[in-house]
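Asker: Got a sequence here, can you build the structure:
(2 chains)
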Protein chains: 2
Amino acid sequence: MPMMFDVRSASASYRVVSEWNAFASSAPAMRDGVVIADVYFAHELASRGVVSIALQANEAAKSLDAIGSVIAQMREAGATRDTHLWAVGGGTIQDVAAFVSSIYMRGISWTYVPTTLLGMVDSCIGGKSSINVGSFKNIVGTFHSPTAVLIDPTLISTTTVEQRIAGLNEAAKICYCRGANVFAEYLSLEPNGDLAPNELEAIIHLSLRAKKWFIEIDEFDRAERLLLNLGHTFGHALEGASGYQLGHGVAVGVGILCSLALSRELLSRSPGGAAASLEGHVHALLGALPDLPGILEAIDVGQVFDRLKSDKKHESEHYRFVIFDANGVVQVTRLPKDDGTRAAVSTAIQTTLGLLSR
Amino acid sequence: MPMMFDVRSASASYRVVSEWNAFASSAPAMRDGVVIADVYFAHELASRGVVSIALQANEAAKSLDAIGSVIAQMREAGATRDTHLWAVGGGTIQDVAAFVSSIYMRGISWTYVPTTLLGMVDSCIGGKSSINVGSFKNIVGTFHSPTAVLIDPTLISTTTVEQRIAGLNEAAKICYCRGANVFAEYLSLEPNGDLAPNELEAIIHLSLRAKKWFIEIDEFDRAERLLLNLGHTFGHALEGASGYQLGHGVAVGVGILCSLALSRELLSRSPGGAAASLEGHVHALLGALPDLPGILEAIDVGQVFDRLKSDKKHESEHYRFVIFDANGVVQVTRLPKDDGTRAAVSTAIQTTLGLLSR
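Answerer: Model (predicted):
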């Protein structure tokens, strides 16, 4: 069923539309703008007469070094400050497009067409971009919301089970953080990686409406929206330590389990509320990935901790984590940079990787 | 005399303070932040115990390729999203600092200490940054106002006569665009490149208050602020065509004269009002630069026109120029991309360069 709502944040107001075949029906409009697309969709677009700047969706593509070439291609395609940019792809394409549209001639308008479930349930709204510089992942970025987000659930048929599970991890996180009722509604949709696009559509809508609340109340990551970092401090470190064999959404799933394990260390008991349901659900999602145990087994816990220490969310004297309290409610906590914290965090990672590697 | 005012724009409110010896008295505060400084001031700062990231003030320093290294040095210096950045230098340092502070961990706060007259009278407020990508000058940038601007007129003693004249060209432009009364007040201060810092101080204050009006009414360059592009479309093209032998402020002075010449072509008469005073004043300023005629003689008019065509301010069917009407009032105009425009623009450049090369 088509769905439409507006995100009204401090810096911008924009429309989110979810409609079957929105991708195909947008091709004529794309011909009037400049398009950045994942290589797969660049071919699809070419067959519809749309020329695009094609990018491989990998870490190198979202590095500052690669941005210059995209900017030059936009200029050569005749883009002015009045040109509208279209972005077709997953999170990497979104990061590149959001960043270049925020800096090209000091900012141009853009429309995002997410092609992965992760993009559809989560990253397509919020306006954040993250770009790598050398070995520093996601160290630069901007807030630059698209003018419109166009979701076409039929595109999910182009994705793998792993990509769907990656998206579901983020959707589960958002719905959990939004509160018990929303998470219960999410679980009632029986999310799993084998669902068809029409079954996933309801999950997309639920997750986006939950995320909209966080963005509207705290666009710039000062308070409530920080909770959505649940699983991300661990997740980013795990991604890096796996040499990016772990995709972002899957790493976040593992990160959520690490966060639950850390909460258990700090509380000396299991967090209550719906935390056990979240844990069971994420375990079930990750359990459907046959390659995951092998990847996790090869990860060095010491290296995860080293990477985790340099996460940009920490402060000078404290690490910052999103953890669960005794009632299972998520909260941002500061942990001192001392041996006790180091031991608790290392144990949390070790326990989690051990459980999942089996 | 110390001066202080607030700029209240749509995106931010920040304080501008002008005070003798503000540079020296800020050193202790700089030690708590991260500092980006022109190499000359990096040495000055080192002698005061302030470590800084030193940059050569040239076009290469403000290219996207060079930004990654600054970001990496900031990270290595321990900058987090709560770190305050200080920038000490002229326009190039300001461009780099404004850009990196807008993207570093999605934005950090910064203070700007301008060290050139051009920085003090003009660019220090407004929040714009401009960064080069390959051969495309100023093609990317952001709006990211500093938290504070600290002007120390004693620093003018470190600049050359050419740098002062560069600043005066921009000050003359701002005051002229602000209206006849402000320009008359400007001329009454008898601006020239030999003025001492204490005489230039009044010009700095007058120019900044005039510019504040444009920023507060039109921060994002949609209407009134566009007038401040007077001389810039020609100026940027001249800078490039001279192989950057012409500095920005001097090129803008020549550009103002080109714009007057173009207005004369389009009006078939000289613009009235105070336009003749502006022309005489800019001629007098540029006349004090002994190397200018030689640089201008070597410039190829065809190359100026080629560069001018690719200015980012143009639209697909029209060139956009700031010109003078019959009453000498500046306005943004659209000229069709045809032979007539090409002839008028080429004549304007040729006439102006001819007059100044003598």
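
Asker: thinking residue A:289 is in contact with residue A:162, fair?
Answerer: Yes. The pair residue A:289 / residue A:162 is scored as a contact, 5.9 Å apart, by Cβ atoms under 8 Å. Every C-beta, even on glycine, is put in place using the N, C-alpha and C of the backbone.

Asker: between those two, what contacts are shared?
Answerer: Each of residue A:250 lies in contact with both residue A:289 and residue A:162 under the rule Cβ atoms under 8 Å, 6 or more residues apart in numbering or on different chains.

Asker: In contact with residue A:210, which residues?
Answerer: Contacts of residue A:210 by Cβ under 8 Å, 6+ apart are A:174-175, A:177-178, A:182.

Asker: ok, and the closest non-adjacent residue to it?
Answerer: What sits nearest to residue A:210 in space, not counting adjacent residues and going by Cβ to Cβ, 6 or more residues apart in numbering or on different chains, is residue A:178, at 4.0 Å.

Asker: Can you report how many residues neighbour the one you found?
Answerer: Using other Cβ atoms under 10 Å in any protein chain shown, residue A:178 has 23 other residues around it.

Asker: Tell me if I'm right that it and residue A:217 touch.
Answerer: No. Counting by Cβ under 8 Å, residue A:178 does not reach residue A:217; the two are 11.1 Å apart.

Asker: gap between the residue nearest the centre of chain A and residue A:97?
Answerer: By Cα atoms, centre = their mean, the mean C-alpha position of chain A lies nearest to residue A:123, the distance being 5.0 Å. Using Cβ to Cβ, to the nearest Å, we find residue A:123 at a distance of 12 Å from residue A:97.

Asker: Same check on residue A:301?
Answerer: For residue A:301, the distance to residue A:97 - Cβ to Cβ - is 35 Å.

Asker: Then residue A:232?
Answerer: From residue A:232 over to residue A:97 (counting by Cβ to Cβ), the distance is 21 Å.

Asker: same deal with residue A:206?
Answerer: 26 Å.

Asker: So between those two, which is more surrounded?
Answerer: residue A:97 (29 against 22).

Asker: Double-check that the more buried one belongs to a strand.
Answerer: No. Residue A:97 is assigned helix when assessed by DSSP: H, G, I helix; E, B strand; the rest coil, not a strand.

Asker: Go through the host helix or strand of residue A:353 and flag the buried ones.
Answerer: According to DSSP states H and E, residue A:353 maps onto helix A:339-357. The neighbour-count check on helix A:339-357 (16 or more other Cβ atoms under 10 Å in any protein chain shown) flags A:341, A:344-346, A:348-349, A:351-353, A:356 as buried.

Asker: Quick one: mean pLDDT for that helix?
Answerer: The pLDDT scores in helix A:339-357 average 95.

Asker: same thing with stretch A:132-147?
Answerer: Here the average pLDDT along stretch A:132-147 is 93.

Asker: could I have it exported to CSV, CA atoms only?
Answerer: As requested, the backbone C-alpha atoms of stretch A:132-147 are provided in CSV (Å, rounded to 0.1, in the frame of the first residue of the first chain):
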residue,chain,number,x,y,z
ASN,A,132,36.2,8.1,5.4
VAL,A,133,39.6,9.8,5.4
GLY,A,134,42.6,7.5,5.1
SER,A,135,42.2,4.9,7.8
PHE,A,136,39.7,7.1,9.8
LYS,A,137,36.3,5.7,9.1
ASN,A,138,33.3,8.0,8.9
ILE,A,139,35.4,10.9,10.3
VAL,A,140,33.8,13.6,8.2
GLY,A,141,30.3,14.2,7.1
THR,A,142,27.4,16.6,7.0
PHE,A,143,23.8,16.9,7.8
HIS,A,144,22.0,17.6,4.4
SER,A,145,18.5,16.2,4.1
PRO,A,146,17.3,15.1,0.7
THR,A,147,14.4,17.1,-0.8
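
Asker: That stretch close to chain B?
Answerer: Yes. Using Cβ under 8 Å from any Cβ of the partner chain, stretch A:132-147 reaches chain B at A:133-134, A:136, A:139-143.

Asker: What's the PyMOL syntax to select whichever of those are buried?
Answerer: To isolate the buried ones among the residues of stretch A:132-147 next to chain B in PyMOL, judged by 16+ other Cβ under 10 Å, type:
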select buried, chain A and resi 133+136+139+140+141+142+143
